[in-house]
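1. mind folding the following:
(4 chains)
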Protein chains: 2
Amino acid sequence: MLACCFGSVTTKWLHKPMSEPITILIADDHTMFRQGLREILERKGGFSVVAEVSDGVAAVEAAQRFTPAIALLDISMPELTGIEAARQIVQASPTTRTVILTMHRDERTVLEALRAGANAYLLKDADSTELIEAVRAVHRGEAALAGSAAARVLDMLRRGDSVTAPADLLTARERDILALVAQGDDNRAIALKLSLSEKTVGNRLSEIFQKLGVTNRTQAAIVAVQRGLVPPPSAL
Amino acid sequence: MLACCFGSVTTKWLHKPMSEPITILIADDHTMFRQGLREILERKGGFSVVAEVSDGVAAVEAAQRFTPAIALLDISMPELTGIEAARQIVQASPTTRTVILTMHRDERTVLEALRAGANAYLLKDADSTELIEAVRAVHRGEAALAGSAAARVLDMLRRGDSVTAPADLLTARERDILALVAQGDDNRAIALKLSLSEKTVGNRLSEIFQKLGVTNRTQAAIVAVQRGLVPPPSAL
DNA sequence: CTAATCATAGGTAGAATTATGCAGATCTGG
DNA sequence: CCAGATCTGCATAATTCTACCTATGATTAG
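-> As a prediction, this is how the structure comes out:
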């Protein structure tokens, strides 16, 4: 522990001879988590947290303004999920590489994130050294997937079918509907809010269920939130 | 930043003359978050993290074995929610004071936690200095509620009715059912798993909806997870 | 241009959900 | 032991949901 502290101080003094520190944007809706991450990164040395934001929209804006080398994006954020944010950040700030943070070890979420242009996918119960290593790897231009995640994705790539078949990506409209389902709206409410007929909502929903591999709306809501397909319901 | 680092080192050297460090148990299912918390607490000085666990059951066991002065409990944990863990910890280790961490600013959750015997209730988007202050206050024997939370609870206490009326605490059986709803089970599946008739499940559900102030099972599932009434669905 | 996909919406039929009311069994605190 | 709360089960009816079918117009890719 002391060694660690000394180590960090030492590293700090050696900043100048090192190459530029890696600039980082942290996006997570929990202040404590952000501060913890910042501590870990800055004490380690070689990293410079240039922005901290608490929702997806702010993340995109900050990425555009600060063009950080790395954007650490939590999946579950208000306004815009980490995955959506990543999608927009690769447009808004192409030099920024994105790392998705999540608590769910879900293969399909990984693919969803990678398709959105994310360069890495890390579980929140990964060790902080794994995080550091992943950030460095991504900064070097490698696409990093933490330990177990990497194995799973490779497995899926090997099986082949998994990568193409469950390309069950929801369409934009389907996501609209799913987002309302995940807020507890019934079909009538959804139809009203989206100016659709209840029939259409019901039909869409059936397709969504198929794509998500579930059989009812409650399961769909759970999956949607867990996979970061829609922003989590803020408060009821 | 440098000052901060020196400060922490200094504090560490001064450990001995200080009163005993406050022993702390951290329970959260995200390793990164735990490590961040630990960093923040240990660098600040005066705190000693004696155990880190990732689920509610382990939290209760650790509290029993290490009898920490403070248990920092995340609400949303596998196996056992932070609130349930607090309930059991006050039994298993009466000298341990519990601090509930959550991301939801929900008045009813606050009450739920306080009723379970928690000594403090902190939002995860609180500042780390607030956390430190709260932990110290709780250790001094005070019941701490972070800024806005305190105000809200006081408001509710003032209104009076809120404290007694929404004593809509669910019964044990109702929680059982709600937990399955929050996993996406339909009434038939619930009836099977709990050895009940579908009718009974339906009846219970209607009462649960009333108590939670919702109108359908999806909303109930959302509320249940957000309030920490049931452990979140692990993976679907 | 053609084929494919998407968004829309209508229909039917069956399954599930939800709101109520009633009632016996059990348990618990006073 | 009593009173009250809880758990259980049954019934009914209205509502909602879900699966599956068809079909039209718009957009898009090849």
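
2. show me where chain A has helices.
-> A:2-13, A:31-44, A:56-66, A:82-92, A:107-115, A:128-139, A:147-159, A:161-164, A:172-181, A:187-194, A:198-212, A:217-226 (DSSP state H).

3. residue of chain A closest to chain B, please.
-> Nearest residue of chain A to chain B, counting by C-beta to the nearest C-beta: residue A:36, 1.5 Å away. Every C-beta, even on glycine, is put in place using the N, C-alpha and C of the backbone.

4. neighbours around the closest residue to that residue other than its chain neighbours, how many?
-> Excluding the flanking residues, the one nearest residue A:36 by C-beta to C-beta, 6 or more residues apart in numbering or on different chains is residue B:36, at 1.5 Å. Residue B:36 has 25 neighbouring residues, counting by other C-beta atoms under 10 Å in any protein chain shown.

5. same thing with residue A:206?
-> When neighbours are counted by other C-beta under 10 Å, residue A:206 comes out with 10.

6. so the residue nearest to residue A:36 is in contact with residue A:35, correct?
-> Yes - the pair residue B:36 / residue A:35 is scored as a contact, 6.8 Å apart, by C-beta atoms under 8 Å.

7. in TSV: the helices of chain A, plus distance to DNA strand C.
-> Shown next, in TSV, are the helices of chain A (distance: least, C-beta to the nearest atom of the strand, whole Å):
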stretch	distance to DNA strand C
helix A:2-13	49
helix A:31-44	34
helix A:56-66	21
helix A:82-92	15
helix A:107-115	14
helix A:128-139	30
helix A:147-159	21
helix A:161-164	12
helix A:172-181	3
helix A:187-194	7
helix A:198-212	4
helix A:217-226	8
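
8. make CSV out of those and add mean pLDDT.
-> Putting the helices of chain A into CSV (pLDDT from 0 to 100) gives the following:
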stretch, mean pLDDT
helix A:2-13, 39
helix A:31-44, 90
helix A:56-66, 95
helix A:82-92, 88
helix A:107-115, 75
helix A:128-139, 89
helix A:147-159, 51
helix A:161-164, 36
helix A:172-181, 94
helix A:187-194, 96
helix A:198-212, 95
helix A:217-226, 93
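
9. distance to residue A:23 for those - can I get that in a markdown table?
-> Below are the helices of chain A laid out as a markdown table (distance: least, C-beta to C-beta, whole Å):
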| stretch | distance to residue A:23 |
| --- | --- |
| helix A:2-13 | 16 |
| helix A:31-44 | 11 |
| helix A:56-66 | 7 |
| helix A:82-92 | 14 |
| helix A:107-115 | 21 |
| helix A:128-139 | 10 |
| helix A:147-159 | 25 |
| helix A:161-164 | 33 |
| helix A:172-181 | 31 |
| helix A:187-194 | 40 |
| helix A:198-212 | 37 |
| helix A:217-226 | 31 |
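
10. need the contact list for residue A:54.
-> A:27-31, A:34, A:77-78, B:125 (C-beta atoms under 8 Å, 6 or more residues apart in numbering or on different chains).

11. ditto for residue A:58
-> Contacts for residue A:58 (C-beta under 8 Å, 6+ apart) come out as A:27, A:79.

12. from residue B:215, how far out is it?
-> Using C-beta to C-beta, to the nearest Å, residue A:58 is found at 33 Å from residue B:215.

13. same question for residue A:210.
-> For residue A:210, the distance to residue B:215 equals 26 Å [C-beta to C-beta].

14. how about residue A:222?
-> According to C-beta to C-beta, residue A:222 and residue B:215 sit 18 Å apart.

15. and the two? Which one has more around it.
-> Legend: neighbour count by other C-beta under 10 Å for residue A:222 and residue B:215, higher for residue A:222 (24 against 12).

16. how near is the more buried one to residue A:124?
-> Residue A:222 is 18 Å from residue A:124, by C-beta to C-beta.

17. how's chain A carved up into domains?
-> Residue ranges for the domains of chain A, per automatic domain parsing: A:2-159, A:172-226.

18. how about the ones you listed, which one is nearest residue B:134?
-> Ranking the domains of chain A by proximity to residue B:134 (C-beta to C-beta) places domain A:2-159 first, at 11.5 Å.

19. ok, the nearest residue to residue A:228 once chain neighbours are set aside - how many residues close by?
-> Counting by C-beta to C-beta, 6+ apart, residue A:75 is the residue found nearest to residue A:228 once chain neighbours are left out, at 3.6 Å. For residue A:75, the neighbour count with other C-beta under 10 Å is 31.

20. so residue A:75 makes contact with residue A:84?
-> No - Residue A:75 lies out of contact with residue A:84 (C-beta under 8 Å); the separation is 9.7 Å.

21. show me the contacts for the nearest residue to residue A:33 once chain neighbours are set aside.
-> Distances taken as C-beta to C-beta, 6+ apart put residue B:33 closest to residue A:33, at 5.3 Å, once the chain neighbours are dropped. Residue B:33 is in contact with A:30, A:32-33, A:36, A:124, B:74, counting by C-beta under 8 Å, 6+ apart.

22. could these go into JSON lines alongside distance to residue A:197?
-> What follows is those, written out as JSON lines (distance: C-beta to C-beta, whole Å):
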{"residue": "A:30", "distance to residue A:197": "40"}
{"residue": "A:32", "distance to residue A:197": "45"}
{"residue": "A:33", "distance to residue A:197": "42"}
{"residue": "A:36", "distance to residue A:197": "48"}
{"residue": "A:124", "distance to residue A:197": "41"}
{"residue": "B:74", "distance to residue A:197": "43"}
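
23. out of the residues you listed, who's near DNA strand D?
-> Among those, no residue is within reach of DNA strand D (C-beta under 7 Å from any atom of the strand).

24. ok, for residue A:117, nearest residue in space, not its chain neighbours?
-> Of all residues not flanking residue A:117 in the chain, residue A:90 sits nearest, at 3.9 Å (C-beta to C-beta, 6+ apart).

25. touching, the one you found and residue A:83? I think so.
-> No - using C-beta under 8 Å, residue A:90 is not in contact with residue A:83, being 11.4 Å away.
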